[in-house]
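Asker: No sequence on hand, only this structure:
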């Protein structure tokens, strides 16, 4: 009897433990490198210095957004550790830093890495190692290619969409235009260029009177290209330069007395970073595109989402210019990534991060009504719509649907 009574509790305990085993297995949370019960590591590469340093504002905005989220308790109880490294505007260095983020810092995913050349160079490595390369800060349609690169995802509308929208506006509002196109001698410049040509359709050969290409590595050569475009007699100027070269082209065209209807890429729309250095009077009348609500007019603060953005800027990003659109971009990317991580819950292998990123349907507060973030396993272009805006010498004003 003593033997029976002494073994019964042991047997019962073992049986109890066995009965709990499936439940505890189900309760276990799954992680890949970069995720724990307390933390999620997210990597980023930005040009904080060098020729494209103005875009470093985006990385600082993303860091500020994650600080706010951490102050609010993090994502599902986990703090976001945002590791953002400076590429110095050097594509080769960006590739090295991406390797460092994966192999040394062991991030769960990267988000918002800046620039087409850098992201294109990094993409094969990220896909080989199955690390999410999310919401790249580049608008080439090549980043919407889940069948070949299932671990790389774009974010905003593509350069082709931009080009088509500009062409449509010209055909509708200036059908007799003589168009001059300035574009970079790379894949990004070609995509804008082809989007405009396709948008003009059968009229392209008659309407486009001059084209000129340039290299970002040779900014001094840009001035002669602007003069040649002016001398063509064009009254529409497609200034498809990014960053400081867009600024230079705006200023040069004005200084030589050329006053065409001018278009610039969305990437160059920041008033603080690119228009003010050119001269606001020189930028008056320029058209570009946007996806976000206006936030500079006092009446815009009536919108709770705009008010929340401004309050966030004041508290978490006070050193940044409120007139710099790069801050809105970083805010939107940060918000989108947080939604992805929330959807993951406690299941944080990289494959689930990618799965959740590919099943989004979000209405971000700062996006204009009608523009949503939507993805699927066959659609890696989260934002597909845009609207046109024109600079009135002080701020951007919507001019179309």
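Answerer: Looks like it arrived, so ask away. In this text the structure is predicted, and so the values were computed from the model without any measurement.

Asker: Can you name every helix or strand that the helix or strand that contains residue 69 contacts?
Answerer: Per DSSP states H and E, residue 69 falls inside helix 56-71. Packing partners of helix 56-71 (3 or more Cβ pairs under 8 Å, 6 or more residues apart in numbering; DSSP states H and E): strand 39-46, strand 79-86, helix 304-316, helix 325-344. All C-beta spots, glycine's among them, are computed from the backbone N, C-alpha and C.

Asker: what is the orientation angle of it with helix 325-344?
Answerer: If you take axes from the mean of the first three to the mean of the last three Cα atoms, to 10 degrees, helix 56-71 sits at 40 degrees to helix 325-344.

Asker: so where's this protein uncertain?
Answerer: 1-29, 400-401 (pLDDT under 70).

Asker: where exactly do the helices run in the stretch 101-250 of the chain?
Answerer: 116-128, 159-173, 187-200, 204-207, 222-231, 244-255 (DSSP state H, counting those that start in this stretch).

Asker: got it, and the stretch 251-400 of the chain?
Answerer: 276-278, 280-283, 304-316, 325-344, 350-357.

Asker: ranking the ones you listed by burial, who's on top?
Answerer: Of all those, helix 325-344 carries the top mean neighbour count, a mean of 23, counting by mean count of other Cβ atoms under 10 Å.

Asker: Could you give me the buried positions within stretch 287-296?
Answerer: 287-295 (16 or more other Cβ atoms under 10 Å).

Asker: Closest one to residue 78 out of those residues, please.
Answerer: Closest approach to residue 78 among the buried residues of stretch 287-296 (Cβ to Cβ): residue 292, at 28.2 Å.

Asker: my guess is that closest one meets residue 368, correct?
Answerer: Yes - if you go by Cβ atoms under 8 Å, residue 292 and residue 368 touch, sitting 6.4 Å apart.

Asker: what touches both of the two?
Answerer: Shared contacts of residue 292 and residue 368 (Cβ atoms under 8 Å, 6 or more residues apart in numbering): none.

Asker: Name the residues of stretch 61-75 that are buried.
Answerer: Buried, per 16+ other Cβ under 10 Å, within stretch 61-75: 61-70, 74-75.

Asker: Next, report how far it is displaced from the centre of its chain.
Answerer: Centroid separation between stretch 61-75 and its chain, computed with Cα atoms, centre = their mean, to the nearest Å, is 18 Å.

Asker: With stretch 158-168 instead?
Answerer: 17 Å.

Asker: can you pull the buried residues of that stretch?
Answerer: Neighbour count says stretch 158-168 has 158-167 buried, by 16+ other Cβ under 10 Å.

Asker: Okay, and the beta partners of the residue positioned nearest the centre of the chain?
Answerer: Note on the chain: the residue nearest the mean C-alpha position is residue 137, at 3.5 Å, using Cα atoms, centre = their mean. Residues in a beta bridge with residue 137, per DSSP bridges, are residue 114.

Asker: ok, now how distant is it from residue 191?
Answerer: 16 Å (Cβ to Cβ, to the nearest Å).

Asker: how close does the residue nearest to residue 244 when sequence neighbours are not counted get to residue 129?
Answerer: Nearest non-adjacent residue to residue 244, counting by Cβ to Cβ, 6 or more residues apart in numbering: residue 51, 6.7 Å away. Distance, residue 51 to residue 129, by Cβ to Cβ: 29 Å.

Asker: For residue 329, give me its contacts.
Answerer: 58, 61, 137, 156.

Asker: Kindly indicate which of those residues lies nearest residue 375.
Answerer: residue 156 (12.7 Å).

Asker: contacting residues for that closest one?
Answerer: Taking Cβ under 8 Å, 6+ apart as the test, what residue 156 contacts is 139, 266, 291, 329, 382-383, 386.
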